[in-house]
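**Student:** let me see the structure of the following:
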Amino acid sequence: MSRLKLFLPLIIFVALALLFWRGLFLNPQEMPSALLNKPVPEFSLEKVADNKQVMQKGDLPKGPHLLNVWATWCVACRVEHPYLNALAEQGVPIIGVNLKDDDSAAIKWLDKFHNPYLFSVADRDGRLALDLGVFGAPETFLVDAEGTIRCKHVGIVDDKVWQTKLQPLYEKLKSQRWDAFAGDLSDSLISRCQ
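**Tutor:** You can find the predicted model right below:
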């Protein structure tokens, strides 16, 4: 028994090392969202551009749209931003959730890099992001006309992500109701948003 006590720290170390090693190869974009097929959480937050105007869940567009979590301190958000501008120019409605940011910095950012958002709310304490299950910025949610989250993407939305993951679902949601669409989902479409 005393010999086992000598090797116990080594056994624990090896077990932990194997767990950490496996974690290096996990893709955070493949993490399923707990809110998939659930409503966007209720919120009441001030607009970034006008802190006298409070926006709520009822102010979200009545059609399919993107909910994009962003911040000025987020390097990946800066990389993503031009593509969001291009999507907005194509008529894709995007709502911004400005995560734990300074309002004046966010306003300068939107003035400098252009504003792709119909509106952006100031999630100063990160409560909405927490309710959405956000791990960090950027994260983008595809929301249907009823306010239900149908897809989540962790990381930068670029042309490849849009064309292979988000756009096929967005176009389906635009053209038909979800319950008719849900019965028509292929396994490949479902797996893109899991």
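**Student:** in this protein, which spans are strands?
**Tutor:** Remark: strands assigned in the chain by DSSP state E are 44-46, 54-56, 65-70, 94-99, 119-123, 139-143, 149-154.
**Student:** now distance to L35 and mean neighbour count too, for those, in CSV please.
**Tutor:** (C-beta placed from N, C-alpha, C; glycine too.) Shown next, in CSV, are these (distance: least, Cβ to Cβ, whole Å; neighbours: other Cβ atoms under 10 Å):
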stretch, distance to L35, mean neighbour count
strand 44-46, 17, 16
strand 54-56, 18, 15
strand 65-70, 11, 25
strand 94-99, 13, 25
strand 119-123, 15, 22
strand 139-143, 8, 23
strand 149-154, 5, 22
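**Student:** rebuild these as CSV, extending it with distance to L36 and mean pLDDT.
**Tutor:** What follows is the strands of the chain, written out as CSV (distance: least, Cβ to Cβ, whole Å; pLDDT from 0 to 100):
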stretch, distance to L36, mean pLDDT
strand 44-46, 23, 97
strand 54-56, 22, 97
strand 65-70, 13, 98
strand 94-99, 17, 98
strand 119-123, 20, 97
strand 139-143, 9, 97
strand 149-154, 6, 95
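**Student:** could you dump these to a markdown table with distance to R78?
**Tutor:** Shown next, in a markdown table, are the strands of the chain (distance: least, Cβ to Cβ, whole Å):
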| stretch | distance to R78 |
| --- | --- |
| strand 44-46 | 23 |
| strand 54-56 | 24 |
| strand 65-70 | 9 |
| strand 94-99 | 14 |
| strand 119-123 | 15 |
| strand 139-143 | 15 |
| strand 149-154 | 17 |
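**Student:** which stretch among the ones you listed approaches E171 most closely?
**Tutor:** E171 sits nearest to strand 139-143 of all the strands of the chain, at 10.9 Å, using Cβ to Cβ.
**Student:** sheet partners, orientation included, of that closest one?
**Tutor:** Here strand 139-143 is paired, per DSSP bridges, with strand 65-70 (antiparallel), strand 149-154 (antiparallel).
**Student:** tell me which of those strands lies nearest to P116.
**Tutor:** For P116, the closest of these is strand 65-70, at 8.1 Å, according to Cβ to Cβ.
**Student:** how many residues are close by the closest residue to H114 other than its chain neighbours?
**Tutor:** Excluding its sequence neighbours, the residue lying closest to H114 (Cβ to Cβ, 6 or more residues apart in numbering) is N85, at 5.0 Å. Using other Cβ atoms under 10 Å, N85 has 16 other residues around it.
**Student:** in this structure, mark out all the helices, start to finish.
**Tutor:** Secondary structure of the chain (DSSP state H): helices located at 2-23, 75-89, 103-113, 127-132, 159-161, 167-175, 178-182, 187-192.
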